[in-house]
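Chemist: Got a sequence here, can you model it:
(one chain, ligands or ions: 1)
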Amino acid sequence: MSQELVCITCPMGCRLTVDTLTDGSLEVSGNRCARGIKYANEELLAPKRMVSATARIAGAGHEALDAIARLPVRTTVAYPKEGVLELLAAIYALNVALPVKRGDVLIKDYKGSGVDVIAARTLS
Ligand code: SF4
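Modeler: Reported below is the predicted structural model:
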């Protein structure tokens, strides 16, 4: 069975055709470079996503302020797609004390994945 994918690793956007072989491995064609093979394997066998969100700031206080006074955060690397909702719940449970500097680690090595959640901007 063939599957069609567009590689999003670079702006070339190669259209990939991926066939699953009898041993379960993937045969990729249409890629202009080796990164397309890596992309197809990750996307079909173990998809991951970068996660960006906002976190509550400690002491923002009023409910209306909490909605607008939030800290942008992101993962340092992509996280397994099937766990993204759980990771988002952990981010939304944060209560970040200021000041915070861009790059400060807010969640270290989430569930032993090697993925950190960091502040995406400086707030004092
Ligand atoms: S296969 Fe290579 S050239 Fe094509 S989109 Fe992916 S990274 Fe870019």
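
Chemist: Tell me which residues touch the residue nearest to the spatial centre of the chain, please.
Modeler: In the chain, the residue lying closest to the centroid (C-alpha atoms, centre = their mean) is Met50, at 1.5 Å. By C-beta atoms under 8 Å, 6 or more residues apart in numbering, the contact set of Met50 is 74-75, 77-79. Placement of C-beta: from N, CA and C, glycine included.

Chemist: any idea which of those residues is the one closest to the ligand?
Modeler: Distances from the ligand to these, taken as C-beta to the nearest ligand atom, are shortest for Ala78 (15.3 Å).

Chemist: quick one: contacts for that closest one?
Modeler: 48-50, 115.

Chemist: And for Val6?
Modeler: Per C-beta under 8 Å, 6+ apart, neighbours of Val6: 13-16.

Chemist: hey, what's it bridged with?
Modeler: Judged by DSSP bridges, the bridge partners of Val6 are Arg15.

Chemist: Looking at the protein, which residue is nearest the ligand?
Modeler: Gly36 (2.7 Å).

Chemist: hang on, that residue in a strand?
Modeler: No - under DSSP: H, G, I helix; E, B strand; the rest coil, Gly36 falls outside any strand and is assigned helix.
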